[in-house]
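Peer 1: sequence and computational prediction follow.
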Amino acid sequence: MEIRFTEEEEAFREEARALIGRYADANGFFPQADHAPQEALYRELAARNWLALSWPREYGGEGLPSTYEFILWDEMGYARAGRPTLAAGIIAKTIMRFAEDAQKAEWLEPIRKNELTFCLGYSEPEAGSDLAGLRTRAELDGDAYVVNGEKIWTSNAEESDYIWLLCRTGAPDSRGRGLSLLIVDRNSPGVVLRNGRHMDGHHYSQVFYDNVRVPVERRIGPEDGAWRMMSAALADERHVQFTGKRVRRDFDEAVAWLASQGLDSDPAVRARLLGLKVRVAEAEALCLQVLSDMRNGRDAAVSAAASKVVHTDVIQAIARFVMDVGGMAAVLAERPDGPEGAWRQTMTESVGGGTSEVMKSIIARQELGLAS
């Protein structure tokens with residue numbers, strides 16, 4: 001693997017840093033009472049058309065290589081400024097690939113301008129990470145689907161305009177072959193939210209669907225064709241899902257906190273930090289491997305899965321180490337981005353974006369040829 005950024009790409013990085021630096025306190029990785037700074041940042045990204053850096057020009061995008069997206073979200077990860085948006089990422093790219101022309105005209109422009117927000121309706125109480133086993137059902141009734149079921153762990157449901165809903169339209173035992181994607185107005189009659197809170201402080205919603213009517217024209221792609229569509233869109237987004245600089249920021253903050261407590265001069269602490277620094281470099285290298293695979297037209301599924309596993313393991317190791325050596329000062333810190341809050345947040349990374357077990361199964365099956 002060899003990754004070299006062009007002069008134009010490095011110039012874009014400096015421009016991105018200058019913009020993001022004005023919003024560094026948006027702190028998009030941790031719970032915030034005030035969402036205004038992050039919302040302002042996304043508005044400015046949209047105004048610069050940076051939410052559509054790699055979109056084709058025919059859809060209003062910049063038509064740039066995926067490297068530019070990687071640079072933007074890598075820098076945003078280090079600045080704790082936010083994560084890639086669902087709407088401009090996975091959702092928009094699915095619409096570009098599989099939607100009818102009328103649907104593209106309806107949805108892509110407002111998404112590009114950051115005028116619409118989406119949440120994902122994927123996980124269910126009885127299915128967990130086994131999306132092929134979901135039970136939420138959509139039955140065709142004239143010119144609409146009638147949806148019944150429930151979803152859980154839905155992030156940002158209260159703030160979203162629409163739900164990108166994965167539901168079953170095929171036979172109950174059809175697994176991945178019988179799934180479809182619908183765009184559901186979050187304010188539709190029959191959509192009910194019950195809110196909860198993760199251990200890291202972020203809120204989620206359990207979403208109930210009781211005879212919710214969704215117009216047929218809100219189905220994206222063919223009926224029962226969602227599994228292939230989701231896989232294709234995910235492949236387009238692998239380079240920005242888990243960025244190396246977010247891992248680097250966790251490490252840098254750990255070093256700074258240990259220094260503030262006078263612990264950085266302890267030889268045992270320094271030795272552990274050196275080992276963690278090597279692991280951070282490994283995580284960064286794997287992120288670049290994903291980008292290299294995508295730039296060279298290779299399937300990035302395995303490298304992305306490996307990157308996600310290592311990313312999760314390293315940030316959890318950093319958080320555990322600070323908690324181990326920090327004593328009461330680490331445990332009692334009340335800031336969500338302090339040692340104790342960071343430890344709780346990193347624990348959720350094993351699940352979000354695909355569990356570590358699922359990622360290891362991908363590696364076992366696709367790289368090693370093992371049954372998973």
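Peer 2: Yep, that arrived.
Peer 1: which residues does the residue sitting nearest the centre point of the chain contact?
Peer 2: What sits nearest the mean C-alpha location of the chain, by C-alpha atoms, centre = their mean, is residue 241, with 5.3 Å. The neighbourhood of residue 241, defined by C-beta atoms under 8 Å, 6 or more residues apart in numbering, consists of 84, 304, 308, 353. In this view, the C-beta of every residue, glycine as well, is placed from N, C-alpha and C.
Peer 1: which one of these is nearest residue 125?
Peer 2: residue 353 (19.3 Å; C-beta to C-beta).
Peer 1: read off the pLDDT value for residue 331.
Peer 2: For residue 331, the pLDDT comes out at 85.
Peer 1: pretty sure it is touching residue 340, no?
Peer 2: Yes - counting by C-beta atoms under 8 Å, residue 331 does reach residue 340; the two are 5.6 Å apart.
Peer 1: quick check: neighbours shared by these two?
Peer 2: Common neighbours of residue 331 and residue 340 (criterion: C-beta under 8 Å, 6+ apart): residue 323.
Peer 1: who has more neighbours, those two?
Peer 2: Under the neighbour definition other C-beta atoms under 10 Å, residue 331 and residue 340 were set side by side, and residue 340 has more, 19 against 12.
Peer 1: separation between the more buried one and residue 350?
Peer 2: In this view, residue 340 and residue 350 are 18 Å apart by C-beta to C-beta, to the nearest Å.
Peer 1: equivalent analysis for residue 239, please.
Peer 2: Between residue 239 and residue 350 the computed distance is 21 Å (C-beta to C-beta).
Peer 1: and the helix or strand where residue 255 lies, what's buried?
Peer 2: Assignment of secondary structure by DSSP states H and E places residue 255 within helix 244-260. Using 16 or more other C-beta atoms under 10 Å as the test for burial, helix 244-260 gives 244-251, 253-255, 257-258.
Peer 1: so for stretch 299-312, what's the average pLDDT?
Peer 2: pLDDT averaged over stretch 299-312 gives 92.
Peer 1: ok, now stretch 79-87?
Peer 2: Mean pLDDT, stretch 79-87: 88.
Peer 1: C-alpha coordinates for it, CSV please?
Peer 2: Provided in CSV are the C-alpha atoms of stretch 79-87 (Å, rounded to 0.1, in the frame of the first residue of the first chain):
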residue,chain,number,x,y,z
ALA,A,79,-11.5,18.2,15.7
ARG,A,80,-14.5,16.4,17.4
ALA,A,81,-16.6,18.4,15.1
GLY,A,82,-19.0,15.7,13.8
ARG,A,83,-19.5,12.6,11.7
PRO,A,84,-20.5,12.0,8.1
THR,A,85,-24.1,12.7,7.5
LEU,A,86,-26.5,9.8,6.7
ALA,A,87,-28.4,11.9,4.2
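Peer 1: who touches it?
Peer 2: Contact partners of stretch 79-87, identified using C-beta under 8 Å, 6+ apart, comprise 17, 20-21, 23-24, 26-30, 38, 41-42, 51, 69, 73, 76-77, 111, 114, 116-120, 164, 237, 240-241, 249, 337.
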